[in-house]
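>>> mind looking at a prediction? Sequence and model below.
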Amino acid sequence: MPDQNALEKLRRLGLVHQTADGAEAVTVTAQYRGSPASSDRNAWRAEMEAWQQNLDGTLAQHGAELVPDSLSLSAQTVEALVPTAQLDALATALKTDNVRVDLVVPREGVGG
């Protein structure tokens, strides 16, 4: 992480963003790799919301921020806007917490 080809693709497609301080940033997904502690949906939601809150602190340390309303219980993911200069450091930090980080890259359609 980051895949330089994927970053270049995002730049070509105009899918890079700027943070408030002007840094180049991209959208990533952070995926919780653990298993649900409970089969109860409400308990699982509470667990994932607590994970998201803890994740927010780690993201902030790297100049990143959560994308509002992006939590997916079924995929165990949340999206974040991350400065490209911090992608490697953030991915490494989150890997130790059993969190996978992937760039959000549009998929090519059939015939395209």
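Noted; the coordinates are in hand.
>>> centre of the chain to the helix or strand of the chain with the lowest mean pLDDT, how far?
One helix or strand of the chain scores below all others by mean pLDDT, DSSP states H and E: helix 4-12, with a mean of 82. Using C-alpha atoms, centre = their mean, to the nearest Å, the mean C-alpha position of helix 4-12 is found 17 Å from that of the whole chain.
>>> in that helix, which residues are buried?
7, 10 (16 or more other C-beta atoms under 10 Å). Glycine gets a C-beta too; all of them are placed from N, C-alpha and C.
>>> quick check: longest strand of the chain.
strand 24-32 (DSSP state E).
>>> ok, then the element right after it?
Moving toward the C-terminus from strand 24-32, the next helix or strand (DSSP states H and E) is helix 41-61.
>>> for that following helix, which positions count as buried?
Judged by neighbour count (16+ other C-beta under 10 Å), helix 41-61 contains these buried residues: 47-48, 51-52, 55, 58-59.
>>> quick check, nearest of those to residue 74?
Distance to residue 74 across the buried residues of helix 41-61 (C-beta to C-beta) is lowest for residue 48, with 10.3 Å.
>>> tell me the pLDDT at residue 47?
Here the pLDDT value assigned to residue 47 is 89.
>>> isn't it up against residue 39?
No. Residue 47 sits out of contact with residue 39 when judged by C-beta atoms under 8 Å, with a separation of 11.6 Å.
>>> contact partners for residue 26?
Contacts here follow C-beta atoms under 8 Å, 6 or more residues apart in numbering; on that basis residue 26 touches 2, 7, 10, 15-17, 81-82, 84, 87, 103-104.
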